[in-house]
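>>> Give me a 3D structure for the following:
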Amino acid sequence: MRLLKIVPDNTNIDFVRLRFWAFGLTTLLTLAAIALVPLKGLNFGVDFIGGITIEETFPTAPPPDKVRAVIDALHYGEANLQSIGDGKTVSIRLPKQEGGPGKTNEVVKGVEAALAKNFPGATFSRYATVDGKVSNELKFRGVLAVVLAVIGICLFAIFRFEWQFGVSTGVAIMHDVLMTVGFFALTRFEVDLNIVAAVLTIIGYSINDKIVIDDRIRENMRRYRKMDMREIINLSVNETLPRTVMTSLTILLALFSLLFLGGHVLRGFTAAMILGVFVGTYSSIYVSSSLLITLGLRAEPTPDKPSKPNAASGAERVGPGRG
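Reported below is the predicted structural model:
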């Protein structure tokens, strides 16, 4: 017995009515995200730029200028500082040092000793180092993985459904990816390999939701061939809405738990995933589905491509109102 039903099964929401507002909002947010990247830049981690990252935890949040002054006095190069969480943990990024692992250990111990001396109670958390050549290769492979994922998904949608589905899916996924990139440019969260994994996971979540809705649209196109395309899309989205909402809520419960309890190391990954759930759900309903109308998708069979016989093809149904 169901004790809680968040979304009724018989919803009749006219989603398509707001498609032009959604297209305008999507365009505005996409342009803003693209502009943020050159204006603010991405805070690439050691994975992508090479060098040494040292994390130090202090009893209380230290003054950044004082921490920078202590590190600059060691003459290891220009330091990039970033406060994490409540400010008590500071990430210190230093340029790659010549001299191999021995020099790296010397730098880490030097920074640790200097901070412990000037900030009693400060403790060393961890450090990471990546060679510049390796970091460039990781950056290339990370971008390539995202691009190939998007292309593969679009091709699947084209061959599985119609070309309109492939185009609308590609537009929606690129919207999701650009929103995530813009979010990291705005918040200055560190972009490392974990974030690439988050972006790929967001793509996977988004395409799962989109394919479910697209499949229902295609079923209803065969079932109600004389129904207006607006009504078919509204009907399909409403029929899949309970599944979409429940899936999103259960994922968000796990992600918010991870955000608050997973520690600062996973905070960027978790924040990206939370954003991806909201953005992916929005784009599935208001971008991908509604764009099918603009692309000219029709339920009626065309002369050069007759539809397959369907026992229910003669059925007609009055769908959601056009509003």
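>>> Where does pLDDT dip in the stretch 201-323 of the chain?
262-265, 299-323 (pLDDT under 70).
>>> Could you list which residues are in contact with the residue nearest the centre of the chain?
Centroid-nearest residue in the chain: Gly276, 4.0 Å away (criterion: Cα atoms, centre = their mean). Shown in contact with Gly276 (Cβ atoms under 8 Å, 6 or more residues apart in numbering): Asp176, Thr180, Ala198, Val199, Thr201, Ile202, Tyr205, Ser206. Placement of C-beta: from N, CA and C, glycine included.
>>> So Met86 lies in a strand, does it not?
One correction, residue 86 is Asp, not Met. No. Counting by DSSP: H, G, I helix; E, B strand; the rest coil, Asp86 falls outside a strand, being coil.
>>> how near is it to Arg188?
Distance, Asp86 to Arg188, by Cβ to Cβ, to the nearest Å: 16 Å.
>>> do the same with Arg267
Counting by Cβ to Cβ, the gap from Arg267 to Arg188 is 12 Å.
>>> quick one on the thing from earlier: who's more crowded, Asp86 and Arg188?
Arg188 (13 against 9; other Cβ atoms under 10 Å).
>>> what about Thr129, how many residues close to it?
A total of 19 residues lie near Thr129 under the criterion other Cβ under 10 Å.
>>> I figured it hits Val107, correct?
No. Counting by Cβ atoms under 8 Å, Thr129 does not reach Val107; the two are 9.1 Å apart.
>>> tell me, what's touching those two both at once?
Ile52.
>>> before we move on, the earlier item: restricted to helices, list the contacts of Gly276.
Among the contacts of Gly276, the members found in helices (DSSP state H) are Asp176, Thr180, Ala198, Val199, Thr201, Ile202, Tyr205, Ser206.
>>> Need those residues in JSON lines (columns: distance to Val143 and neighbour count).
JSON lines is the format used below for the ones in helices among the contacts of Gly276 (distance: Cβ to Cβ, whole Å; neighbours: other Cβ atoms under 10 Å):
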{"residue": "Asp176", "distance to Val143": "16", "neighbour count": "29"}
{"residue": "Thr180", "distance to Val143": "13", "neighbour count": "24"}
{"residue": "Ala198", "distance to Val143": "14", "neighbour count": "23"}
{"residue": "Val199", "distance to Val143": "10", "neighbour count": "24"}
{"residue": "Thr201", "distance to Val143": "16", "neighbour count": "14"}
{"residue": "Ile202", "distance to Val143": "15", "neighbour count": "24"}
{"residue": "Tyr205", "distance to Val143": "20", "neighbour count": "21"}
{"residue": "Ser206", "distance to Val143": "18", "neighbour count": "26"}
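>>> Please identify which of these is nearest to Lys139.
Within the ones in helices among the contacts of Gly276, the smallest distance to Lys139 is 13.2 Å, found for Val199 (Cβ to Cβ).
>>> For Val212, give its distance to Ser283.
Distance, Val212 to Ser283, using Cβ to Cβ: 14 Å.
>>> So between those two, which is more surrounded?
Ser283 (26 against 16).
>>> just checking, the more buried one touches Leu178?
No. In this structure Ser283 lies outside contact range of Leu178 using Cβ under 8 Å: 10.7 Å.
>>> Look at Ala35 and report its pLDDT.
Here the pLDDT value assigned to Ala35 is 90.
>>> about what we covered before: next, format the ones in helices among the contacts of Gly276 as a markdown table and append distance to Leu235.
Below are these laid out as a markdown table (distance: Cβ to Cβ, whole Å):
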| residue | distance to Leu235 |
| --- | --- |
| Asp176 | 25 |
| Thr180 | 31 |
| Ala198 | 33 |
| Val199 | 32 |
| Thr201 | 30 |
| Ile202 | 27 |
| Tyr205 | 24 |
| Ser206 | 22 |
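>>> quick one: low-confidence parts of the stretch 1-150 of the chain?
Residue ranges of the stretch 1-150 of the chain with pLDDT under 70: 1-9, 46-47, 85, 97-101, 130-136.
>>> sorry, back to before: between the ones in helices among the contacts of Gly276, which is closest to Leu25?
Closest to Leu25, out of all of the ones in helices among the contacts of Gly276 and judged by Cβ to Cβ, is Asp176, at 14.1 Å.
>>> Okay then, goodbye and thanks.
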